[in-house]
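> Generate coordinates for the sequence data below:
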Amino acid sequence: MSNQMTRMLDGETVLVTGAGGGLGRGIALAMAEVGARVVIAARRGSTGEETAQLIREEGGEALAVETDVTSLEGMRQAVTAAVSHFGGLDILVHNATHGASGHPKNLEDFADDDWDSQLAVDLVGAHNCAVAAFDALHATGCGRLILLCSAFGLHGAALNPGYAASKGAIRGLTKSLAREWGPFGITVNAVSPAALTPAAEAFFAMNPVLRDQYIANFPLGYMGREREDVGRAITALCNPNLSYVTGQIIQVDGGLYTAV
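From the prediction side, this is the model:
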């Protein structure tokens, strides 16, 4: 990492949802390594604390908060904890997604509960994060909201209709909020990653033949690493020098979807 990037987010506070493990943990660790104080929002407090402890062991500052993104009040409390503990909130990354994304089903087998849960975490969760964080992000004069989406939301995903629908909606929400919040100095972008997450590992474990076939489609020859590839790309998007970038869907996928 270049010297210019080393302490890029010194003094800034970042809240990452779904950061108790997987991609969220990778994002949190990447944020901490460039100086950010990180609030770990996780549904299970124990996993959130594990991530926070990893950050502290590397010399960073972290606070674990147990919360559920499907609850607006829960997200308000998480933001309040960030502001109370660190004095403000500069960046919020909504990474949390529903576990059903790693267990494909035909549409006719997709139960109402599956559908509702997927939308509640991915889309309603994004809404709750945005509403809860607006005042704090506005107060900084240059707040940043980053949502996680997927190329499946653009191309579609057979056997995963809820995930594709929710991630497609995130694209529209990103562009709408960028227009709405621009006058307040808040940038809103989405990142569409391709990472070897626990959900991807679980899918490939059930379908091992597909793993090599899928990875062969990546021009760079591998699926992204959670911290090194995706986490650091999201961190770079938070660079204060990129304050003119908003309303964009950033592909961080090793060239997989070169036509998007």
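> which residues are in contact with stretch 20-30?
Applying CB atoms under 8 Å, 6 or more residues apart in numbering, the contact partners of stretch 20-30 are 14, 16-19, 38, 40, 42-44, 46-48, 50-51, 54-55, 58, 62, 93, 95-96, 148, 193, 195, 197-199, 225-228, 230-232, 234-235. The way it works is simple: take the backbone N, C-alpha and C, and place the C-beta from them, glycine included.
> Looking at it now, give me its mean pLDDT.
When pLDDT is averaged over stretch 20-30, the result is 97.
> count of neighbours near P219?
By other CB atoms under 10 Å, 9 other residues sit near P219.
> Looks like it contacts Y257 (just checking).
No: between P219 and Y257 there is no contact under CB atoms under 8 Å: 10.5 Å.
> I'd like to know how far S46 sits from A64.
Separation of S46 from A64 (CB to CB, to the nearest Å) stands at 9 Å.
> Those two: which is more packed in?
Set side by side, S46 and A64 show more neighbours around A64, with 25 against 10, by other CB under 10 Å.
> what is the more buried one paired to in the beta sheet?
With DSSP bridges applied, A64 shows beta-bridge pairing to I40.
> With I91 instead?
Using DSSP bridges, the bridge partners assigned to I91 are V14, R144.
> tell me the contacts of it?
Residues near I91 by CB under 8 Å, 6+ apart: L9, E12, T13, V14, L15, M31, A36, G143, R144, L145, I146, C238.
> Relative to G172, which of these is nearest.
L145 (14.5 Å; CB to CB).
> Quick one: distance of the host helix or strand of S192 to the chain centre.
Here S192 sits within strand 187-193, counting by DSSP states H and E. When distances are taken as CA atoms, centre = their mean, to the nearest Å, strand 187-193 is centred 8 Å away from the chain's centroid.
> Next: stretch 13-30.
Distance of stretch 13-30 from its chain centroid, counting by CA atoms, centre = their mean, is 7 Å.
> try stretch 8-27
In terms of CA atoms, centre = their mean, the centre of stretch 8-27 is found 8 Å from the chain centre.
> Pull up the distance across that stretch, start to finish.
Start and end residues of stretch 8-27 are separated by 15 Å (CA to CA, to the nearest Å).
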